[in-house]
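Asker: Give the three-dimensional model of this entry:
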Amino acid sequence: MRADRLVAALLLLQARGRVTALELAEELEISVATARRDLEALSAAGIPVYPQPGRGGGWSLVGGARTDLSGLNAAESQALFLLLGPAGSGDPELSSALRKLIRALPATFRSDAEAAARAVVSDSAGWGEQDREPPALMQSLQNAVVRRLKVRLAYDGRGGQSTERMVDPLGLVDKDGIWYLIAGTEAGQRTFRVDRVTSAEMTDLPARRPDDFDLPAEWARVVAEMEQRRSLVSAVVLIDARFLPVLRSHFGRHCEVIAEDDGRVRARVAAHMARSIAEQLAGWGAMVEVVEPESVRDELARIGLELTERYARRAAPA
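Answerer: Got it, this is the predicted structure:
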């Protein structure tokens, strides 16, 4: 007996107060016999559901009882609404769902849950930046993931080439405002930037989803692989200790302190190529010294020469 069907039956009883086996069968698209067995199972489980025979009878929750299906305690309900509240602020459907969830909580939890939902505002735009809107095809891809249906995907690759393929959508990930789709393809599992998807047509074909697929674990693998690619070249630099936080903000996890002496820090920074390291360090001028390798020092010298040739003032003739 499916748990989701029992929950649906209980919610229906909670909403209507009383239902017959026939009404439940029509609502859930099951046989009357199955509906009756489901109602009997709820009663046997200790839920106050009892039949009332005769005309106008049916099954009802005794005394109009309401059942808390969440199982949340006070701390858990507050944590849930602290998380969901900011997300619902700009989404009418989610806001409506939050209100319904609050009403489903025990009365003693509701005021704190409402306060938690209004306690946090999330502004994902950086200073001087516009708020990032979700890609236009997000809703279609979300529906395909939830319904587990194949998608015919048109995609612009990194080099600008456009391809079309049939994919099995497995999950969506939001990383710092950029959305990614993890999907199965004929060539194996792939990760697509959603803002490069030019069309997504959901089909009626069921998607293949590995039984052991775990979205958080798979994304952790993707991140580890990408970070490894982004750190193929490293450089050792010397910098004043007070500027270390700024250096770390530039290189993130690819900034490692090697040693610190007399207020100066020796650190190792990394990127996918020497030019990328030099481009990030060029704006520091003399505040940072590259100890090694020569390839990064040469790139810095090249950038400096280009800037000098373009912007240096020529001495006026005597």
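Asker: what's next to the lengthiest helix in the chain, contact-wise?
Answerer: Among the segments of the chain that qualify as a helix by DSSP state H, the longest is helix 294-311. Defining contact as CB atoms under 8 Å, 6 or more residues apart in numbering, one finds that helix 294-311 is touched by 233, 235, 274, 275, 277, 278, 279, 281, 282, 290. (C-beta placed from N, C-alpha, C; glycine too.)
Asker: If we use 7 Å, what do you get?
Answerer: For helix 294-311, the external contacting residues (CB atoms under 7 Å, 6 or more residues apart in numbering) are 235, 274, 275, 277, 278, 281, 282, 290.
Asker: For stretch 39-59, which residues meet the burial criterion?
Answerer: 39, 42, 47, 49, 58, 59 (16 or more other CB atoms under 10 Å).
Asker: should've said stretch 280-288
Answerer: 281, 282, 284, 288.
Asker: Equivalent analysis for stretch 130-143, please.
Answerer: For stretch 130-143, a neighbour-count test (16+ other CB under 10 Å) marks 135, 137, 138, 140, 141 as buried.
Asker: Quick one: list the elements packing against the one helix or strand the fourth one maps to.
Answerer: Meaning residue 140. Per DSSP states H and E: residue 140 is located in helix 138-147. Secondary-structure packing of helix 138-147 (3 or more CB pairs under 7 Å, 6 or more residues apart in numbering; DSSP states H and E): strand 162-175, strand 197-206.
Asker: The first one: partners in the sheet, and parallel or antiparallel?
Answerer: Using DSSP bridges, the neighbouring strands of strand 162-175 in the sheet come out as strand 149-156 (antiparallel), strand 178-185 (antiparallel).
Asker: buried residues in it?
Answerer: Buried residues in strand 162-175, counted by 16+ other CB under 10 Å: 166, 167, 168, 169, 170, 171, 172, 173.
Asker: Report the contact partners of the last one.
Answerer: In other words, residue 173. In this structure, residue 173 makes contact with 180, 182, 219, judged by CB under 7 Å, 6+ apart.
Asker: what are the bridge partners for it, then?
Answerer: When bridges are called by DSSP bridges, residue 173 pairs up with residue 180.
Asker: Quickly note the distance from it to residue 102.
Answerer: Distance from residue 173 to residue 102, counting by CB to CB, to the nearest Å: 28 Å.
Asker: Identify the residues contacting the closest residue to residue 181 other than its chain neighbours.
Answerer: Counting by CB to CB, 6 or more residues apart in numbering, residue 181 lies nearest to residue 192, which is 4.6 Å off, once chain neighbours are set aside. With contact set as CB under 7 Å, 6+ apart, residue 192 has these partners: 155, 180, 181, 183.
Asker: As a markdown table, these with distance to residue 251 would be great.
Answerer: Below are those laid out as a markdown table (distance: CB to CB, whole Å):
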| residue | distance to residue 251 |
| --- | --- |
| 155 | 30 |
| 180 | 22 |
| 181 | 28 |
| 183 | 31 |
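Asker: Out of these, who's the most crowded?
Answerer: Highest neighbour count within the contacts of residue 192: residue 181, with 28 neighbours (other CB atoms under 10 Å).
Asker: got a list of what that one touches?
Answerer: Counting by CB under 7 Å, 6+ apart, residue 181 touches 141, 169, 172, 192, 194.
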